[in-house]
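>>> Quick one, what's the 3D model for this:
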Amino acid sequence: MVNRGSSHYRASLTSRFLPRKPSPSAITLYIISLFAFSIFIFLFNTRNILEEDEQKPNFSGELLSEQIPEEQLWDAPFSYGLQSCIKPTAKYKAAHGSDRYITVRSNGGLNQMRTGISDMVAVARIMNATLVVPQLDKRSFWKDSSTFSDIFDELHFIESLKRDVRIVKELPKNLEAFPRARKHFTSWSGVGYYEEMKQLWKEYQRLRCRALYHALRFSPPIESLGKKLVERLRTRGGRYIALHLRYEKDMLSFTGCTYGLTDAESEELRIMRETTNHWKVKEINSREQRIGGFCPLTPKEVGIFLQALGYPPSTLIYIAAGEIYGGNTRLSELMSYFPNIVFKEELATKEELEAFTGHASQTAALDYIISIESDVFVPSYSGNMARTVEGHRRYLGHRKTINPDRKGLVKIFDKLETGQLKEGSSYSFLVRQMHENRQGAPRKRKGPMQGIKGRARFRTEESFYENPYPECICSSKGRPE
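This is a model prediction of the structure:
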């Protein structure tokens, strides 16, 4: 009886709208009406969505940060119980005095000098020679007159390595006039060489880490001010990003990157490259450089990038860099996304910075300390400082380091510029997905690329100082993995 009643109800309900025996034309008209109504609803909703997109062309960092948990933005990657391990093995023998001496002239910027000195410590150990405290380059682009003890704690350097290498402050007077054998060391060598001296290689690598991460401590004045500046940053915002914004005149000229610059600026950079004798490459195709991912991100591109990752506009960003090419005009492009930007000149007093004025390596050391201690480190270009800071942060527990995929990002930036893509959730998803595995999580150092021969093959290998795992980073049991 229930079924009969139910059937009767359905039949009577239908009869109100259609004849008992509807004609084919009536059915056709009914279907067309339903179809037209569906199209109308679809177009109406689509118009509303498009209007909302037009009203909100910039998908704000505030909105993105609500969707992304804060720990995902700030927390260090999971370290899997890995920790630093640089102690010598039981077979390691203490260094003894030697009548052979190595004198070193370390060239380049701060981090190029630091890694070079660490290499020479290991070389002195292998050669069983006494190392003379290195002399620093005073003829580089920066023309910095700083001595070793101006930048580094000289006594700590000598004392902390006394079991590894005998180090003296000066060459004995009676040897100063003696002829010296000159040798330019290279960072790469054939794989067979390393295989033949596998055990020595392990000790050598750990010694390089001891030298770089422990022995080469900055001088007390630099260490003291660096810690003060970190504390002042913490009181401003708690957490901060250290951005190594490598958008300086020398870098743009050297790489030939002129995207977004005026014709006059591009010409100025070309002339600088042409007249700098030790820069061998003079003719550079700027467009090819950018497409290949060989250019530093512009300040505007950095802003778009960090916004897409989900950082809100209120994020505190410390700029670790020299003078930005284009000055406030270029910086304003970054500040339109992240206005809470600070330089060391704003954190420190004039009196505190006075002793470092004119000494680029010493001010770079301040940037280094602040970058190491930051919650997040982001380099806009993979230069010496970027690689060394990343390696040091890995050594200290894999602190979060976001390494932009410049080649991939350029494709996205170009689509944004041409209107093929809009700043929004889909764009943000692409950027986050692209950088999911580029945030400093533990991984073994990448070897050389296959198919490339000669010295170029070893230059494609990831730098030891960029990633000292596995030689200087071990499992919690203390064994290299």
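
>>> How many neighbouring residues does Arg239 have?
Neighbourhood size, Arg239 [other C-beta atoms under 10 Å]: 14. For glycine as for every other residue, the C-beta is placed from the backbone atoms N, C-alpha and C.

>>> which helices and strands does whatever helix or strand Glu288 lives in pack with?
Glu288 is part of helix 286-291, with elements assigned from DSSP states H and E. Applying 3 or more C-beta pairs under 8 Å, 6 or more residues apart in numbering; DSSP states H and E, we find helix 286-291 packed against helix 406-418.

>>> in the helix it packs on, what's buried?
Arg406, Leu409, Val410, Ile412, Phe413 (16 or more other C-beta atoms under 10 Å).

>>> distance between stretch 95-115 and the chain's centre?
Stretch 95-115 sits 27 Å away from the centroid of its parent chain (C-alpha atoms, centre = their mean, to the nearest Å).

>>> First-to-last residue distance for that stretch?
21 Å (C-alpha to C-alpha, to the nearest Å).

>>> got it, and stretch 303-320?
Its first and final residues considered, stretch 303-320 spans 15 Å by C-alpha to C-alpha.

>>> and it, what's its mean pLDDT?
In this model, stretch 303-320 has an average pLDDT of 96.

>>> Run through the neighbouring helices and strands of the very next helix or strand once past the helix holding Glu288.
Of the helices and strands lying after helix 286-291 in sequence (DSSP H and E), the nearest is helix 299-309. Applying 3+ C-beta pairs under 8 Å, 6+ apart, one finds that helix 299-309 contacts helix 61-67, helix 327-335, helix 406-418, helix 425-434.

>>> what about these, which gets the closest to Glu203?
helix 406-418 (36.3 Å; C-beta to C-beta).

>>> that older thread, Glu373: which of the helices and strands packed on helix 299-309 is closest?
Using C-beta to C-beta, the nearest of the helices and strands packed on helix 299-309 to Glu373 is helix 327-335, at 21.9 Å.

>>> what's near enough to touch the closest residue to Arg270 other than its chain neighbours?
Distances taken as C-beta to C-beta, 6 or more residues apart in numbering place Ser253 nearest to Arg270, at 7.7 Å, with adjacent residues excluded. Residues near Ser253 by C-beta atoms under 8 Å, 6 or more residues apart in numbering: Leu269, Arg270, Met272, Arg273, Thr276.

>>> now the helices: where do they sit in the stretch 201-350 of the chain?
220-237, 249-255, 263-275, 286-291, 299-309, 327-335, 344-347, 350-354 (DSSP state H, counting those that start in this stretch).

>>> a markdown table for those helices, including distance to Ala360?
Formatted as a markdown table, the helices of the stretch 201-350 of the chain follow (distance: least, C-beta to C-beta, whole Å):
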| stretch | distance to Ala360 |
| --- | --- |
| helix 220-237 | 13 |
| helix 249-255 | 11 |
| helix 263-275 | 17 |
| helix 286-291 | 25 |
| helix 299-309 | 21 |
| helix 327-335 | 18 |
| helix 344-347 | 13 |
| helix 350-354 | 13 |
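
>>> In contact with Lys344, which residues?
Lys344 neighbours (C-beta under 8 Å, 6+ apart): Leu229, Tyr318, Leu353, Thr363, Leu366, Asp367, Ile370.

>>> Tell me how far it lies from Pro220.
For Lys344, the distance to Pro220 (C-beta to C-beta, to the nearest Å) stands at 18 Å.

>>> Please apply the same query to Gly424.
Distance of Gly424 to Pro220, given as C-beta to C-beta: 50 Å.

>>> Give me the more crowded residue out of those two.
For Gly424 versus Pro220, neighbours defined as other C-beta under 10 Å are more numerous around Gly424 (16 against 10).
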